[in-house]
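Undergrad: sequence plus the predicted model coming up.
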Amino acid sequence: MIKREKYLNQLIKAKNNGFPKVITGIRRCGKSYLLKEIFRDYLLSEKVSEENIISIDLDEDKNAMYRDPISLGEHVRKICSGKEMYYVFLDEIQKVYSIINPNLTDGKHVISTDKDLDIISFVDVVLGLSREKNIDLYITGSNSKMLSSDIITEFRDKATNIHLAPLSFEEFYNYTGGYETEALYMYMQYGGMPLAVLKDDEEKKEYLKGLFETTYFRDIVERNHLRRGEALDELCNIISASSGELLNSERISNTFLSVRKAKIAKQTVEDYVGYFIDAFILSEARRYDVKGRKEIGSLRKYYFTDTGLRNARLNFAFTDEGQMIENIVYNELCYNGYSVNVGTFDNIEKNKNGKSVRKTNEVDFYAKKGNRSYYIQVTADMFDEKTKKREIRPFVLLNDQIQKVIVVNKPIKESRDENGFTIIGVADFLLRFIK
């Protein structure tokens, strides 16, 4: 069993808190397994009776009648009648369709349309069941309807969100063992999607490439009522190849024109990128003026939730280790609870003609967590003098009290350079430094 202790602890902490627990995350990252295997085993270890753990898989034909929201609510209440505490798992909750309020249809259950205003949906059922004093409710889903990042908005402040990511490097390494450097290389290539981790190399590739075609793109097209997915496919490839670069809709649109010899509107680009973010395929790091202390501009960096998925879009042929390590560092910072931005600031310096000019400088990441703040540069090598000078230049210009860290794609332990900047190997940074 691959342990997901971080998420198990979140479930344990939220247990019996009076709110429904909504488990979200990219498809195939292990939401159902977390709930129905890992958390269930925990409940049993706490002497909860098997009869008091109710699991309803709404994608199974035997439970098709409970895809009606009112029927589902009635069924769960009937099972949980009495005073004992019940732990109810509703898997694939998106299978519950919405109906028009039966008071408006002479008691008949009529499936609603987008134009109907007074409807009853799975949100109503979840909120209603969670108010029962002897029901502790947990829900998961695995298509675009439940994967939407705005799903918690539908519940407003009446639900506990547990957002599940693919395996972190720490989780991956704890499972695979071996040498850190070898494990990191495997993780960099194939990522941490749980089912991919359990396969051999060729199976990993086919599985990860297939996820886009059979799952992610189909979900996005269906959810957003798109007629065709060719542009979606190409935009995903462009962002894959540009991971870690500062982008906006205009730059992506221009690249699309160069690659496809066809125009795509900037608004369409913004919409499509939003669909990827909404489905947790991509995350965005916005620019933050570290001197002015505010987010600025439309340029931002996009990172894949999983590097294996990113590489799958490029048929595992684009092996820029610098981009992949930067992507992993970003994901791991987020996994460990940091808020992460691209650091930027301006300074005035003399050009070749002695004229004062304003120059914009960038730090890969400005990461904050509680009282901890870091400027972070990610690089493949610090032993080349030209590279070292380029990487430390922003740190020298900043000259403030925030700790400055250079993460190197080498198996080295933490040290300090002559400027007092921290230099650390990426494995040590991921497994120890940011914890």
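TA: Great, that's in hand.

Undergrad: and Glu37, how far from Ala265?
TA: Separation of Glu37 from Ala265 (Cβ to Cβ, to the nearest Å): 45 Å. In short, each C-beta sits where N, CA and C put it, glycine included.

Undergrad: so who does Lys204 touch?
TA: Residues in contact with Lys204 (Cβ atoms under 8 Å, 6 or more residues apart in numbering) are 190, 196, 308.

Undergrad: redo these as JSON lines? Include pLDDT, secondary structure and distance to Leu164.
TA: Below are the contacts of Lys204 laid out as JSON lines (pLDDT from 0 to 100; DSSP: H, G, I helix; E, B strand; the rest coil; distance: Cβ to Cβ, whole Å):
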{"residue": "Tyr190", "pLDDT": "96", "secondary structure": "helix", "distance to Leu164": "19"}
{"residue": "Ala196", "pLDDT": "95", "secondary structure": "helix", "distance to Leu164": "15"}
{"residue": "Gly308", "pLDDT": "96", "secondary structure": "helix", "distance to Leu164": "16"}
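
Undergrad: just the buried members of those residues?
TA: Among the contacts of Lys204, those classed as buried by neighbour count (16 or more other Cβ atoms under 10 Å) are 190, 196, 308.

Undergrad: flag the shaky bits of the chain, pLDDT-wise.
TA: 142-153, 228, 318-319 (pLDDT under 70).

Undergrad: let's see that with 50 instead.
TA: Applying pLDDT under 50 to the chain flags no residue at all.

Undergrad: one step back: and of the buried ones among the contacts of Lys204, the nearest to Ser242?
TA: Nearest to Ser242 among those is Gly308, at 17.8 Å by Cβ to Cβ.

Undergrad: could I get the contacts of Lys204 as JSON lines with distance to Glu234?
TA: Formatted as JSON lines, the contacts of Lys204 follow (distance: Cβ to Cβ, whole Å):
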{"residue": "Tyr190", "distance to Glu234": "24"}
{"residue": "Ala196", "distance to Glu234": "24"}
{"residue": "Gly308", "distance to Glu234": "20"}
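
Undergrad: closest to Gln377 out of the residues you listed?
TA: Gly308 (24.7 Å).

Undergrad: surely the closest one is in contact with Ala196?
TA: Yes. Look at Gly308 against Ala196 with Cβ atoms under 8 Å: they come within range, at 5.8 Å.

Undergrad: quick check: neighbours shared by these two?
TA: In contact with both Gly308 and Ala196: 190, 204, 208, using Cβ under 8 Å, 6+ apart.

Undergrad: tell me the SS of Glu182?
TA: Three-state assignment for Glu182 (DSSP: H, G, I helix; E, B strand; the rest coil): helix.

Undergrad: what's the burial count for it?
TA: For Glu182, the neighbour count with other Cβ atoms under 10 Å is 10.

Undergrad: also the one 5 residues further on?
TA: By the criterion of other Cβ under 10 Å, Tyr187 has 25 neighbours.

Undergrad: and it, what element?
TA: In the assignment (DSSP states H and E), Tyr187 maps to helix 180-190.

Undergrad: report the distance from that helix to the chain centre.
TA: 20 Å (Cα atoms, centre = their mean, to the nearest Å).

Undergrad: ok, now stretch 10-22?
TA: For stretch 10-22, the distance to the chain centre is 20 Å (Cα atoms, centre = their mean).

Undergrad: repeat that for stretch 273-291.
TA: 10 Å.

Undergrad: endpoints of it, how far apart?
TA: This stretch, stretch 273-291, spans 29 Å end to end (Cα to Cα, to the nearest Å).

Undergrad: give me the buried stretch members for it, please.
TA: 273, 275-276, 278-283, 285, 287-290.

Undergrad: keep only those of those that are in strands.
TA: 282-283, 285, 287-289 (DSSP state E).

Undergrad: identify the farthest-apart pair in those.
TA: Maximum distance among those (Cβ to Cβ): 23.3 Å, for Leu282 and Asp289.

Undergrad: from Val125, how far out is Asp384?
TA: 60 Å.

Undergrad: do the same with Gly308
TA: Distance from Gly308 to Val125, by Cβ to Cβ: 35 Å.

Undergrad: please apply the same query to Lys389.
TA: 61 Å.

Undergrad: out of these two, which sits in the more crowded spot?
TA: Set side by side, Lys389 and Val125 show more neighbours around Val125, with 25 against 10, by other Cβ under 10 Å.

Undergrad: residues touching that one, list them.
TA: 69-70, 72-73, 96.

Undergrad: can you pull the phi and psi angles for it?
TA: Main-chain torsions, Val125, degrees, to the nearest 10: phi -60, psi -50.

Undergrad: okay then, goodbye and thanks.
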